[in-house]
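[1] pasting a predicted model and its sequence here:
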2 protein chains.
Amino acid sequence: MENVFVNEARERLEAFLDERQFAQASALVKDMNPADAAGLLEELPEQKMPVFFRLLPKELAADAFAYMSPEAQELLVRSFSDRELEEVMGQLFLDDTVDMIEEMPANVVKKILRHVDAETRKMINQVLNYPKDSAGSIMTMEYVDLKRSMTVEQAFQRIRRTGVEKETIYTCYVTDSRRKLLGIVTVKDLLLARPEEIIRNIMETNVKFVSTHTDQEEAARALSKYDFLALPVVDAEERLVGIVTVDDAMDVIQEEATEDIEKMAAMAPSDRPYMKSSVWESWRKRVPWLLFLMISATFTSGIISSFEDALAASVVLTSFIPMLMDTGGNSGGQTSATIIRGLSLGEIQYRDVPRVLLKECSVALLCGGTLAAANFLKLLFIDRVGIPVALVVCLTLMAAMLVANLVGSSLPVLAKRLGLDPTVTASPLITTIVDAVALMIYFNVAKLVLGI
Amino acid sequence: MENVFVNEARERLEAFLDERQFAQASALVKDMNPADAAGLLEELPEQKMPVFFRLLPKELAADAFAYMSPEAQELLVRSFSDRELEEVMGQLFLDDTVDMIEEMPANVVKKILRHVDAETRKMINQVLNYPKDSAGSIMTMEYVDLKRSMTVEQAFQRIRRTGVEKETIYTCYVTDSRRKLLGIVTVKDLLLARPEEIIRNIMETNVKFVSTHTDQEEAARALSKYDFLALPVVDAEERLVGIVTVDDAMDVIQEEATEDIEKMAAMAPSDRPYMKSSVWESWRKRVPWLLFLMISATFTSGIISSFEDALAASVVLTSFIPMLMDTGGNSGGQTSATIIRGLSLGEIQYRDVPRVLLKECSVALLCGGTLAAANFLKLLFIDRVGIPVALVVCLTLMAAMLVANLVGSSLPVLAKRLGLDPTVTASPLITTIVDAVALMIYFNVAKLVLGI
């Protein structure tokens, strides 16, 4: 529904622009939601976008700008006059400005920084200095701060006076003269309190906060865990320096899920949406892991070569190699995906490791038993291979799944323990390891049972 | 840090409870955050939990209850006296009550429904009737509604009078006498307006909403896209029936990401955290896909069997089967993970399909070329197999990756087009298909080039 609408609007809009009917064009979008207007602008051809941006009402234009992709923002900034740039920058929230600057080439950043006031420039530079993916790098410094000696009425006056420019006014932060965080008070608390009540008496002093260097994902998860609208960020001296708002936390959680999925599929994570990234970018992000895994897979070739005699003696064994490898890989992939997600959500702790290993072994035996039984019947009655070969295949199947689940559950935990990212131990790596082990088991069991 | 703290608190708490030092025990947690208190309660042994729950201050107890797992909630409800149950139920927000009821056995649900007032019971039943995973099933009916003829001052009076029991007061909904949604007004708007201003003049009339039957994931993504704190939910007649709040939307986004990861690893999705689900549950969720994929993999066995003569003529060919299969599977897995996530985030639309296919072919040729070149050198100088065999392996490698990326990009799109869940076409299924195709290519190229 969403996209049908945007497409229709885009076609009508392009027609208006082509016929230079600017009044109709701006009427079409003047009441639009900023996020929708941004989507519409990005659909326009490059040369028409700046023309149309100028037709938007000032406030909507600035709001829509904040929602646009870095590419579109760059295009617009390059086309802006000094006065236009100043207007848009004046309307942007600090964290949106920082987000944008992080993606721009140096000459565009210079142009932007020339057009913001000195105080904003100082704050931008401060946020830019925090490590990538830290709470400091996604926070905003635009929050409402109160003093504990204020009355509720004075607090409301302060919110009314300063609130327009703040990203959220619903949680206010009570600080002392050295900006140390003393407590929080919500607008709900303020509304439900008597006007002459002192903030000190109604503020919540048991405040959850993170430090500027906390990982952004951890900050986002804390905010989600406690159902906050914003989470305060403090520096090493516990002075309040900013807040992470719920909308940014939600973006972080989505981005991190995407990154995890990409890494679990053996790719370097990507910052840009699929349709915006080039073939070369995709190549660069995929080929290192493909190469590494291909080289690892040559070990399995080596194993097969060293058992060439056994294979020559019983060629039928070859035909079950793919099934054994795939099933082991699938089982290990299931396990590692489960454990990696559990670690990432904090559902699995180190002290759970023995229970995890025991559980995965049990699951492997149950699943392996089921599959082996089904396979045994098929081998005997459909493939008609004889009981010894059927035994070799089914024993290998169960052993391979046991190994797969053990490797699939212990590798992610080990990676995390070593300070590495558990996602790199997902299915593709597990598959490669399990392949090699499964083949070793297969040929040794075959030698033993078949006496070849 | 979090868990260290909880563990320490738990040990001290257990000691206090064992020594029946209830005053110290309750002092330990009386200022705790409800989410932390819930975590702590769940760590306690079953028989101590209800004892301790009764020591908590009333309000904290009810808040903590809302954060607990269904298992712990059930345990507590079973141990509650009638009066206790009434107290806790009276404090819970409607959507938390519904969440809880959905997970309880029938006799516990009956006990709960006996202890809520008639109006709440009616609302609970209404929400329970919406389809699972719909916006209706996660919404709350507790919102602040205003009339458009009210003044700002009257609006504040209404918020003060009714706001305590509402889940969010920061976005208020303006409705007519038939509950049709006319507009929204935020507390920020209200605070910045003059007290005698009429709501009609300051409300935003371009309101985004979803219907009760909208998928919960779509609702959560809309809320995230527009940076809302709450999203109104309307019925078929566009009457306002509830709101989805940002904290629930964030939970939905996390759950859906977990589900996607599980499905992409060929498992039925799970509702319960890993450590809480049994071995049998895991077996039930994993074994159907393992069986299906194992049976599919037997096709590859068939292919190998039918080329037994070719293999017997050149046994060295066998040793490259795992490498070819793994690499094809890895490349297809990368592609399908990328496309599935792009579809799920709405970054890829149907009209993009030709560009997607073209891009994935180009990436396959680039990656395949790189891998083939590396492999060719290895085959000649390390494995010393001779140029014809090296050619067969490298040509197959490139062809397999091309097929893998085409299958990996078209299957998810096709699945979505057919109204199926694209996640089922993730790596394991792609691997199975690519294996079969890669082997066919391998043997046919071998026959052609080697003349066997």
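    That came through, no problem.
[2] how close does A:Pro388 get to B:Leu450?
    According to Cβ to Cβ, to the nearest Å, A:Pro388 and B:Leu450 sit 32 Å apart. C-beta: built from backbone N, CA, C; applies to glycine.
[3] and what of A:Cys361?
    Counting by Cβ to Cβ, the gap from A:Cys361 to B:Leu450 is 44 Å.
[4] thinking again about what came up before, A:Pro388 and B:Leu450: which has the busier surroundings?
    Each of A:Pro388 and B:Leu450 has its neighbours counted (other Cβ atoms under 10 Å in any protein chain shown); B:Leu450 has more, 16 against 13.
[5] confidence score at the closest residue in space to that one that isn't next to it in sequence?
    Nearest non-adjacent residue to B:Leu450, counting by Cβ to Cβ, 6 or more residues apart in numbering or on different chains: B:Pro388, 5.6 Å away. We have a pLDDT of 90 for B:Pro388.
[6] what about B:Pro388, helix or strand, and which?
    Taking DSSP states H and E as the definition, B:Pro388 sits inside helix B:387-417.
[7] how far off centre is that helix?
    Centroid separation for helix B:387-417 versus its chain: 31 Å, with Cα atoms, centre = their mean, to the nearest Å.
[8] so what's the residue in the stretch 301-450 of chain A that chain B sits nearest to up against?
    In the stretch 301-450 of chain A, the residue that lies nearest chain B is A:Ala337 (3.4 Å; Cβ to the nearest Cβ). Contacts for A:Ala337 (Cβ atoms under 8 Å, 6 or more residues apart in numbering or on different chains) come out as A:264, A:426-427, B:261-262, B:264-265, B:267.
[9] go again with 6 Å.
    By Cβ atoms under 6 Å, 6 or more residues apart in numbering or on different chains, the residues touching A:Ala337 are B:261, B:265.
[10] am I right that it sits in a strand?
    No. Per DSSP: H, G, I helix; E, B strand; the rest coil, A:Ala337 lies outside any strand segment and is helix.
[11] give me the neighbour count for the closest residue to A:Gly163 other than its chain neighbours.
    Spatial nearest neighbour of A:Gly163, excluding adjacent residues (Cβ to Cβ, 6+ apart): A:Ile169 at 4.3 Å. A:Ile169 has 24 neighbours, counted by other Cβ under 10 Å.
[12] isn't A:Ile169 right next to A:Val144, touching?
    Yes. A:Ile169 lies in contact with A:Val144 (Cβ atoms under 6 Å); the separation is 5.3 Å.
[13] what is the burial count for A:Asn107?
    By other Cβ under 10 Å, 9 other residues sit near A:Asn107.
[14] show me the contacts for it.
    A:Asn107 makes contact with no residue, according to Cβ under 6 Å, 6+ apart.
[15] quick one: the strand or helix carrying A:Met89 to chain centroid distance?
    Using DSSP H and E, A:Met89 falls within helix A:82-91. In terms of Cα atoms, centre = their mean, the gap separating the centre of helix A:82-91 from the centre of its chain is 31 Å.
[16] just the angle between the helix or strand following that helix and helix A:82-91, please?
    Sequence-wise, the next helix or strand downstream of helix A:82-91 (DSSP H and E) is helix A:94-103. Computed by axes from the mean of the first three to the mean of the last three Cα atoms, to 10 degrees, the angle separating helix A:94-103 from helix A:82-91 equals 130 degrees.
[17] show the average pLDDT along helix A:94-103.
    Averaging pLDDT along helix A:94-103 gives 82.
[18] spatially central, which residue of chain A would that be?
    Closest to where the C-alpha atoms of chain A average out (Cα atoms, centre = their mean) is A:Glu256, at 1.4 Å.
[19] in stretch A:239-250, what counts as buried?
    A:240-250 (16 or more other Cβ atoms under 10 Å in any protein chain shown).
[20] what's around A:Ala155, how many residues?
    A:Ala155, neighbours per other Cβ under 10 Å, totals 25.
[21] ok, now A:Asp215?
    Count around A:Asp215 with other Cβ under 10 Å applied: 15.
[22] any regions of chain A where pLDDT drops low?
    Across chain A, the ranges flagged by pLDDT under 70 are A:1-8.
[23] domain map for it?
    Listed by automatic domain parsing, the domain ranges of chain A are A:2-138, A:145-262, A:274-450.
[24] list just the one of the ones you listed that sits closest to B:Val98.
    Nearest of those to B:Val98, taken as Cβ to Cβ: domain A:145-262 at 16.3 Å.
[25] straight-line length of the closest one, end to end?
    End-to-end distance for domain A:145-262: 40 Å, by Cα to Cα, to the nearest Å.
[26] and it, how far out from the chain middle?
    Centroid separation for domain A:145-262 versus its chain: 23 Å, with Cα atoms, centre = their mean.
[27] same deal with stretch A:245-265?
    Relative to its parent chain, stretch A:245-265 has a centroid offset of 2 Å by Cα atoms, centre = their mean.
[28] residues making contact with it?
    Outside stretch A:245-265, the residues that reach it (Cβ under 6 Å, 6+ apart) are A:138, A:167-168, A:216-217, A:220, A:223, A:229-230, A:269, A:423, A:426, B:224, B:227, B:246, B:250, B:253, B:257, B:333-334, B:337, B:341.
[29] stretch A:18-35 too?
    Applying Cβ under 6 Å, 6+ apart, the contact partners of stretch A:18-35 are A:13, A:16-17, A:37, A:55, A:57, A:63-64, A:67, B:206, B:225-226.
[30] can I have the buried ones of the residues you listed as a PyMOL selection?
    Remark: buried members of those, expressed as a PyMOL selection using 16+ other Cβ under 10 Å:
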select buried, (chain A and resi 13+16+17+37+55+63+64+67) or (chain B and resi 225)
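[31] now the contacts of stretch A:18-35 as TSV including distance to B:Ser278 and secondary structure?
    Shown next, in TSV, are the contacts of stretch A:18-35 (distance: Cβ to Cβ, whole Å; DSSP: H, G, I helix; E, B strand; the rest coil):
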residue	distance to B:Ser278	secondary structure
A:Leu13	57	helix
A:Phe16	62	helix
A:Leu17	62	helix
A:Ala37	51	helix
A:Leu55	61	coil
A:Pro57	59	coil
A:Asp63	50	helix
A:Ala64	51	helix
A:Tyr67	45	helix
B:Asn206	50	coil
B:Lys225	38	helix
B:Tyr226	41	coil
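[32] which one of the contacts of stretch A:18-35 is nearest to B:Val279?
    Nearest to B:Val279 among the contacts of stretch A:18-35, counting by Cβ to Cβ, is B:Lys225 at 40.3 Å.
[33] gap between the nearest residue to the closest one once chain neighbours are set aside and A:Val393?
    Nearest residue to B:Lys225, sequence neighbours excluded (Cβ to Cβ, 6+ apart): A:Ala35, at 5.4 Å. Taking Cβ to Cβ as the measure, A:Ala35 and A:Val393 are separated by 56 Å.
[34] check A:Lys122 too.
    To A:Val393, A:Lys122 is 70 Å away according to Cβ to Cβ.
[35] neighbour count: those two, which is higher?
    Between A:Lys122 and A:Val393, counted using other Cβ under 10 Å, the more crowded position is A:Val393 (26 against 11).
[36] spit out the contact partners of the more buried one.
    A:Phe320.
[37] if we use 7 Å, what do you get?
    Under the criterion of Cβ atoms under 7 Å, 6 or more residues apart in numbering or on different chains, the neighbours of A:Val393 are A:320, A:375, A:379.
[38] quick one: which of the residues you listed has the most company?
    A:Phe320 (26 neighbours).
[39] not counting its neighbours along the chain, what's nearest that one?
    The spatial neighbour of A:Phe320 that comes closest, neighbours along the chain excluded (Cβ to Cβ, 6+ apart), is A:Val393 at 5.2 Å.
[40] could you do A:Met203 as well?
    Sequence neighbours aside, A:Gly183 is the residue nearest to A:Met203 in space, at 3.5 Å (criterion: Cβ to Cβ, 6+ apart).
[41] hmm, back to that, pipe the contacts of A:Val393 into TSV and attach secondary structure per row.
    Shown next, in TSV, are the contacts of A:Val393 (three-state DSSP):
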residue	secondary structure
A:Phe320	helix
A:Asn375	helix
A:Leu379	helix
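[42] rewinding a little: from the contacts of stretch A:245-265, which land in strands?
    The strands, defined by DSSP state E, take in A:Ala230 from the contacts of stretch A:245-265.
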